[in-house]
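J.: Quick one: sequence plus predicted model below, questions after.
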Amino acid sequence: MNQKGTYDVIVIGAGFAGLYSVHLLREHGFTVRALDRADGVGGTWYWNRYPGARCDVQSIEYSFSFNKEIQEEWEWTELMPAQPEIEAYLNFVADRLDLRRDIQLSTTVTSLSFDDAGSEWTVDTDGGDQFKARWVIAATGCLSEPLDPAIPGVDSFSGPTLYTSRFPREGFDFTGLKVGVIGTGSSAVQSIPIIAEQAEHLNVFQRSAAYSRPADNRPLRPGELEEVKADYESLRLRQRAAYAGLVSFGAVSFEGVTPPTRRILETPVEERLAALEELGWSAPGAWADVMFDLEANQAGTELYAELVRRQIRDPEVAEALIPHYPMGCKRQILDTGYFETFNRDNVTLVDLRSDPLVGITSGSVRTQNREFDIDVLVLATGFDAMTGALNKMEITGPGGRTLKDVWEEQGPVSYLGLAVAGFPNLFTITGPGSPSVLTNMVVSIEQHVEWIVDCLDHMRDSGYQRIDAEPGAQEAWVDHAAGLVAGTVRNSDACNSWYLGANVPGKRRIHMPYVGGLPAYRKKCDQVAADSYEGFALA
Ligand code: N01
């Protein structure tokens, strides 16, 4: 074990959250070391380098607002940025702010244990380095712990097995190969059209059809970025005031759009269908009742189904591409050429609902009725979201209990998504119970980092050494968050999303992201701070 010194703060992760944490902590005079298991900065945007990886939030919004020079200097090229551009941006930020000297890469944190007497964390890593710190900030990301699917025989496959979430840095050429993609979530939907263009044949193994719509991405027009930069502050203010921390999703602007008042169940079917001509892909969700009533949701899904049928030549394939679960239960996906891909002669959709996956052999994927020869396997099978990366580290609080034990027993509880009772001086950025993945992550990350650094300032100025969420306050927050999502489609029995942890066998079913919106959430966090950190015990 190599004793690597004592810092005020250890930050785990060097993605958006880790980079901003290092910068702001340094600005406030704290000593800090960030540790990341990757050999480059970027977090999510370091790992998820599969073909077609792209953000569905516009580049001008999916970027840091805290530094005017960076905002001014960086030149986005597309409406929605692709992975290489975001990774390059984060490297630019790291260089521009000289962050690398306080970041140790290729270092996986294996355990954190809290010393009760000294009120400090001991941080151990896979390389045998040990750090001590008063505070730890887990900037570990919401979707950073890939889920290894328990598919029989997956390890016996003799060709390359590529995870979208750990795609080879040098890329992969699918030309002339028979490819099998398992999964049809966001990562698969983005990569499938590109793989199909290269592969000799592509088999897509689909368990649940995706709700996707065209992203309508495009290069930024000449002068477009300059126009935003001329009054960036106005955009930033509008973002912060918006429910999800953004004023547009994909190419669709929310500004000036009033929430729908028309109820689909009170609208004659021919008028519903007429909405398709008027609103296109926005039609299925443009009703007041679809997110709150399963029957209304089903009617919305019928409209979506009609849009899918219009894209697909083979009626059987079209029916298989229509989801059988409520709309809005899982993340809306934005795609580029996804549905058109299923009209190609070299693409086969394998509907695992009618022909379940049996297993993988050394050279094929087997379903109950068929066997598909493949040369390359692509697993786009998702993540143990929001809690996975934290559970992977053994985090032991002063009483000897681990965070994993607490979450296994109580579900992923947290006070404000910022801290868990019993784990003092440990902050989680965009943790369960905060708006996080339902928002523009960059806006949520900035809000969390700034709140935490203000809190550390307060502790230092007041001579406090320890902060811990109070169990009662945590329980009240968890109840409040659960109350908001209760009765909505997101939480219905028919919904099995990763938001609910439903994709991880044995995970407690709790809707992890906070649905009350970023402005209300920010107000609550500010009020907690103003009221001497109400709900936290300071010592
Ligand atoms: O993962 P997913 P993802 N046999 O969990 C299937 C963000 N993101 O990496 O739904 C067969 O959504 C699984 O099937 P089912 C975004 O927040 C953003 O695609 O469980 N299939 C599902 O189809 C997103 O929501 C962007 O029935 C199996 C798929 O694998 C989140 O990351 C881009 C299986 C997993 O889909 C996660 O997306 C990419 C099995 N054993 C990602 N196990 C953008 O910003 C799993 N599946 C655009």
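T.: Yep, it's here.
J.: What's the local residue count around Leu523?
T.: Actually, residue 523 is Lys rather than Leu. Using other C-beta atoms under 10 Å, Lys523 is surrounded by 12 other residues. In short, each C-beta sits where N, CA and C put it, glycine included.
J.: Sheet-wise, list the partners of whichever helix or strand Ser113 is part of with their directions.
T.: Using DSSP states H and E, Ser113 maps to strand 109-115. Its sheet considered, strand 109-115 pairs with strand 120-125 (antiparallel), strand 394-396 (parallel) by DSSP bridges.
J.: Quick one: those as TSV, columns for distance to the ligand, mean neighbour count and mean pLDDT too.
T.: What follows is the strands paired with strand 109-115, written out as TSV (distance: least, C-beta to the nearest ligand atom, whole Å; neighbours: other C-beta atoms under 10 Å; pLDDT from 0 to 100):
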stretch	distance to the ligand	mean neighbour count	mean pLDDT
strand 120-125	27	21	98
strand 394-396	24	19	98
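J.: Let me have those in TSV, extended by distance to Arg344.
T.: Listed next are those as TSV, based on distance: least, C-beta to C-beta, whole Å:
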stretch	distance to Arg344
strand 120-125	46
strand 394-396	47
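J.: Select, out of those, the one closest to Pro326.
T.: Of all the strands paired with strand 109-115, it is strand 394-396 that lies closest to Pro326, at 34.7 Å by C-beta to C-beta.
J.: for whatever residue of the stretch 51-200 of the chain ends up closest to the ligand, phi and psi?
T.: Closest to the ligand within the stretch 51-200 of the chain is Gly185: 2.2 Å, counting by C-beta to the nearest ligand atom. Backbone torsions for Gly185, taken as degrees, to the nearest 10, come to phi -90, psi -160.
J.: what residues does the stretch 101-250 of the chain put near the ligand?
T.: Selection of the stretch 101-250 of the chain residues close to the ligand by C-beta under 6 Å from any ligand atom yields 143, 149, 151, 164, 182-188, 190, 207-208.
J.: For PyMOL, write a command that selects the buried ones of these.
T.: Of those, the buried ones go into a single PyMOL selection, burial set by 16 or more other C-beta atoms under 10 Å:
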select buried, resi 143+149+151+164+182+183+184+185+186+187+188+190+208
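J.: Give me the subset of the residues of the stretch 101-250 of the chain next to the ligand that lies in helices.
T.: Using DSSP state H, the subset of those located in helices is 186-188, 190.
J.: So what's the residue count around Ile192?
T.: 29.
J.: Please apply the same query to Cys495.
T.: Per other C-beta under 10 Å, the neighbour tally for Cys495 reads 20.
J.: The residue nearest to it when sequence neighbours are not counted: what's it in contact with?
T.: Spatial nearest neighbour of Cys495, chain neighbours left out: Cys329 (3.5 Å); criterion: C-beta to C-beta, 6 or more residues apart in numbering. Neighbour list for Cys329: 489-490, 492, 494-497 [criterion: C-beta atoms under 8 Å, 6 or more residues apart in numbering].
J.: gap between Cys329 and Pro260?
T.: Relative to Pro260, Cys329 is positioned 18 Å away (C-beta to C-beta, to the nearest Å).
J.: After the longest helix belonging to the chain, heading C-terminal, what element do we hit next?
T.: Using DSSP H, we find that the single longest helix of the chain is helix 441-462. Using DSSP H and E, the helix or strand that follows helix 441-462 in sequence is strand 467-469.
J.: Could I get the buried residue list for that following strand?
T.: 467-469.
J.: So the residue nearest to Cys495 versus the ligand, what's the distance?
T.: Cys329 is 10 Å from the ligand, where distance means C-beta to the nearest ligand atom, to the nearest Å.
J.: rewinding a little: spatially, which residue comes closest to the residue of the stretch 51-200 of the chain closest to the ligand, not counting chain neighbours?
T.: That would be Gly382: by C-beta to C-beta, 6+ apart, it lies 5.7 Å from Gly185.
J.: Model confidence score at that neighbour, please.
T.: Gly382 carries a pLDDT value of 98.
J.: Tell me if I'm right that Phe172 and Thr161 touch.
T.: No. Counting by C-beta atoms under 8 Å, Phe172 stays clear of Thr161, with 11.1 Å between them.
J.: Backbone dihedrals for the residue of the stretch 301-450 of the chain found nearest the ligand, both of them.
T.: Relative to the ligand, the nearest point of the stretch 301-450 of the chain is Gly382 (2.5 Å; C-beta to the nearest ligand atom). Dihedral angles of Gly382 (phi, psi; degrees, to the nearest 10) stand at phi 90, psi -160.
J.: domain ranges for this structure?
T.: For the chain, automatic domain parsing gives the domain ranges 2-145+384-467+511-530, 250-329.
J.: possible to save these as a markdown table with distance to Pro222?
T.: A markdown table is the format used below for the domains of the chain (distance: least, C-beta to C-beta, whole Å):
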| stretch | distance to Pro222 |
| --- | --- |
| domain 2-145+384-467+511-530 | 11 |
| domain 250-329 | 18 |
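J.: just the helices in the stretch 1-150 of the chain please.
T.: Secondary structure of the stretch 1-150 of the chain by DSSP state H, counting those that start in this stretch: the helices cover 16-27, 44-47, 68-73, 83-96.
J.: how about the second one, does it reach the ligand?
T.: No. Applying C-beta under 6 Å from any ligand atom, one finds helix 44-47 separated from the ligand by no less than 8.2 Å.
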